[in-house]
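Visitor: I would like to see how this sequence folds:
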Amino acid sequence: MPVLQRLSSAINALVEKVLFVIGAAICLILFAQVLFRYAGASLGWSEEVSRYLLVAITFLGGTVAYKRTSFIGLKGFGHRLGPAIQRTIVVCLQGLTLACFLLIAWFGTVYTFRTWAQAWSSLPLPMSIPFAVIPIGAVILIIHVLADIFKKTESTHL
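Guide: As a prediction, the model looks like this:
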């Protein structure tokens, strides 16, 4: 297995574990919030932290969905035109996808650094921490797309 595919698989395995931990953390935080509210006290930070963790699940979960090819595909159109045109369509779509993720990574990084001076409303942490998941997710997606592109080009040469 080439290096890029191994890297993509290793990152995906790590992200799946991180998603499990984040999901468990959200459950525990919200459960604690319910208990504290019932007891007459409220955890002022719990809703904001849970919201940012849910955003992280969205961006990181998208990388796992891409890796597992769980997104809706564009089958049908290319199948009717033959394998050569289908490969061309797939390569073009992967090129557009790669360009999109590169833009998201770039602008996400710029936005993450711009929000460093802003703080969360409930905790004294920089806003760039929750926004960092945008470029991180985009870079992971770039790695997955490149691994797919190189896997498909290697299989066509064999």
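Visitor: which secondary structure elements does the longest helix along the chain contact?
Guide: Counting residues, the longest helix found in the chain (DSSP state H) is helix 3-38. Using 3 or more Cβ pairs under 8 Å, 6 or more residues apart in numbering; DSSP states H and E as the contact test, the elements touching helix 3-38 are helix 46-67, helix 133-157. (Glycine included, C-beta is placed from N, CA and C.)
Visitor: quick one: which of those helices is nearest residue 3?
Guide: In terms of Cβ to Cβ, the element of the helices and strands packed on helix 3-38 nearest to residue 3 is helix 133-157, at 9.4 Å.
Visitor: average model confidence for that closest one?
Guide: Across helix 133-157, pLDDT averages out at 84.
Visitor: follow-up on the earlier one: including mean neighbour count and distance to residue 113, could the helices and strands packed on helix 3-38 go into a markdown table?
Guide: Putting the helices and strands packed on helix 3-38 into a markdown table (neighbours: other Cβ atoms under 10 Å; distance: least, Cβ to Cβ, whole Å) gives the following:
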| stretch | mean neighbour count | distance to residue 113 |
| --- | --- | --- |
| helix 46-67 | 18 | 17 |
| helix 133-157 | 17 | 10 |
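Visitor: which one of the ones you listed lies closest to residue 120?
Guide: helix 46-67 (6.0 Å).
Visitor: gap between that closest one and the chain center?
Guide: 8 Å (Cα atoms, centre = their mean, to the nearest Å).
Visitor: what's it packed up against?
Guide: Here helix 46-67 touches helix 3-38, helix 128-131, helix 133-157, going by 3+ Cβ pairs under 8 Å, 6+ apart.
Visitor: alright, I will stop here.
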